[in-house]
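Student: only geometry, no sequence info:
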């Protein structure tokens, strides 16, 4: 049941393959504005390393957002195009959840607030706790002002993602942030981990349903001096 996973929701670009034996191979590069050049060569390189043809894959997982508007479009469009071409289903994974999963795997944080800078003095935000090795949401993901957070349970949280740049504003509202790391990005390795469980749960979809999730749908309405 090999799965291909792609992640381009932030400034990083990464690809991973979840292999039948449970191993995951991956490529990652921090590459602002270069995802379109890097993504497909990474896919080809990993398929060659795994000695797999596209027909051997079971599904294509992608980081569906929220995140960079360009980045989430790249991931969704690439997943959709490959899935149509290879006759495969797709699996959508939240970029905030995959960021939390990466923080659990790499930094060993079990309680994570994922935050991306959404610009215009807002953040994309989610909060996650680990259960059976996977990060599970404890609030609905949202876009909000860092000055107006609500409904986050009291716990010993780690704040990760470039939205952690708002730590001085966020920390007084939550009171229990014990660690923060702003220069940390989601990874396709963890998209693959989450997608493997989603596949088992029957959450694969038709390729035409590979769509980005922005959370903020009407950006133009919030731009200054726009009527």
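Tutor: Great, that's in hand. Not measured: the values here are computed from a predicted model. Numbers count the residues shown, from 1 in each chain.
Student: for this protein, what helix or strand is lowest in average pLDDT?
Tutor: helix 167-174 (a mean of 93; mean pLDDT, DSSP states H and E).
Student: low-scoring stretches of this structure, by residue?
Tutor: Applying pLDDT under 70 to the chain flags residues 217-227.
Student: which residues in it form strands?
Tutor: 3-7, 12-18, 24-30, 59-63, 90-93, 111-119, 122-131, 134-137, 142-144, 157-160, 177-181 (DSSP state E).
Student: re the thing from before, residues in contact with the least confident helix or strand of the chain: which ones?
Tutor: Here helix 167-174 makes contact (Cβ atoms under 8 Å, 6 or more residues apart in numbering) with 113, 115, 146-147, 149, 152, 154, 157, 159, 164, 177, 180, 182. From N, CA and C alone the C-beta is placed, and that goes for glycine too.
Student: Recalculate using a threshold of 6 Å.
Tutor: For helix 167-174, contacts defined as Cβ atoms under 6 Å, 6 or more residues apart in numbering pick out 146, 147, 149, 152, 177, 180.
Student: of these, closest to residue 104?
Tutor: residue 180 (15.3 Å; Cβ to Cβ).
Student: Across the sheet, point out what pairs with the closest one.
Tutor: residue 159 (DSSP bridges).
Student: mind giving me the domain split of this structure?
Tutor: What automatic domain parsing lists as the domains of the chain is 3-94+186-222, 96-181.
Student: could you dump those domains to JSON lines with mean neighbour count?
Tutor: Below are those laid out as JSON lines (neighbours: other Cβ atoms under 10 Å):
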{"stretch": "domain 3-94+186-222", "mean neighbour count": "19"}
{"stretch": "domain 96-181", "mean neighbour count": "19"}
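Student: Tell me which two in the contacts of helix 167-174 are the farthest apart.
Tutor: Checked with Cβ to Cβ, those reach their widest spread between 147 and 180, with 17.0 Å between them.
Student: Okay, residue 95 and residue 74: tell me how far apart.
Tutor: Per Cβ to Cβ, to the nearest Å, residue 95 is found 12 Å from residue 74.
Student: and if you look at residue 89?
Tutor: Residue 89 sits at a distance of 20 Å from residue 74 (criterion: Cβ to Cβ).
Student: same check, this time on residue 121
Tutor: From residue 121 to residue 74 the distance is 25 Å (Cβ to Cβ).
Student: before we move on, what about residue 20?
Tutor: For residue 20, the distance to residue 74 - Cβ to Cβ - is 28 Å.
Student: now swap in residue 50 and tell me
Tutor: 22 Å.
Student: Once you drop chain neighbours, what's closest to residue 197?
Tutor: Ranked by Cβ to Cβ, 6 or more residues apart in numbering and with sequence neighbours excluded, the top spatial neighbour of residue 197 is residue 134, at 6.0 Å.
Student: Identify the bridge partners of the one you found.
Tutor: Beta-bridge partners of residue 134, as defined by DSSP bridges: residue 131.
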